[in-house]
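Asks: How does the following fold in three dimensions:
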Amino acid sequence: MIDRVITSGTFSLDGGTWEVDNNIWLVGDAREVVVIDAAHDAAAIAERVGGRTVRAILCTHAHNDHINAARSLAERTGAPIRLHPADQVLWEQQYGDELTYRALTDGEKVAVGGITLEVLHTPGHAPGAVCVLAPDLGALFSGDTLFKGGPGATGRSYSSFDTIIDSIRGRLLSLPPETVVHTGHGDSTTIGAEAPHLEEWIARGS
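Replies: Below is the predicted model of the structure:
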């Protein structure tokens, strides 16, 4: 079972602030779910969760628009917040040392509702960016690493275009082409739809 909540708010970094709409993904079954990225509105996410148990709040990275509802959602649900520790510097911009999380590691398996999710460390958009692969569902939750039309933005602090291209090439484009890519913003796509455009992205970014 895959469900989506769309919330609206702002993303702030390097002195700028932008209006954004975020996709929050719920993965599991009728009894339990994980929440992938708790953005902007914990109440809206909790409403969609309903009576199900939240096993974890998985953060694809620590830009504020992906974690700014994590504390409130964790308090509501009792679920642990999980984040790759390479994003500590970004986490501290939102929460300082007031809130802790449990570390996500590359290759870690997370079980929920009879589904196994695998964590793929895909730095570039942020140092600790991860994607969450659900092989049984033929789905990838890409955060801001891969979008319909290309890689995530790399023009701000703690990002790297070369690194995100390496992550996409090495970790994502080898997945089955029919894998559905559920993104952190905007429409979903597939690996097969994006893979042919790798060289175009490189040319645009160079």
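Asks: Residue 192 and residue 140: what is the separation?
Replies: Taking CB to CB, to the nearest Å as the measure, residue 192 and residue 140 are separated by 12 Å. Quick note: C-beta positions are derived from backbone N, CA and C, even for glycine.
Asks: So between the two, which is more surrounded?
Replies: When residue 192 and residue 140 are compared for neighbours, residue 140 comes out ahead with 29 against 15, by other CB atoms under 10 Å.
Asks: give the contact list for the more buried one.
Replies: 131, 132, 133, 134, 146, 172, 175, 179, 180, 181, 182, 191 (CB atoms under 8 Å, 6 or more residues apart in numbering).
Asks: Now for residue 192 and residue 140: what residues contact both?
Replies: Listed as contacting both residue 192 and residue 140 by CB under 8 Å, 6+ apart are residue 179.
Asks: so where is this protein shaky, pLDDT-wise?
Replies: Within the chain, the stretches with pLDDT under 70 are 206.
Asks: Helices along that one, start to end?
Replies: Taking DSSP state H to define them, one finds helices in the chain at 42-49, 64-67, 70-77, 88-95, 161-167, 191-194, 198-205.
Asks: Go ahead and name everything in contact with the last one.
Replies: Meaning helix 198-205. Applying CB under 8 Å, 6+ apart, the set of residues contacting helix 198-205 from outside is 150, 151, 154, 161, 165, 168, 169, 173.
Asks: looking at it, the fourth one is touching residue 124, isn't it?
Replies: I take that to be residue 161. Yes. Contact status for residue 161 versus residue 124: in contact at 7.2 Å, counting by CB atoms under 8 Å.
Asks: Overlap in contacts, those two.
Replies: Taking CB under 8 Å, 6+ apart as the contact rule, the neighbours common to residue 161 and residue 124 are 151, 154.
Asks: Excluding chain neighbours, what is closest to residue 32?
Replies: Taking CB to CB, 6 or more residues apart in numbering, and ignoring the residues beside it in sequence, residue 32 has residue 53 as its nearest neighbour in space, at 4.3 Å.
Asks: wouldn't the one you found be in contact with residue 30 here?
Replies: No. Under the criterion of CB under 8 Å, residue 53 makes no contact with residue 30, lying 10.7 Å away.
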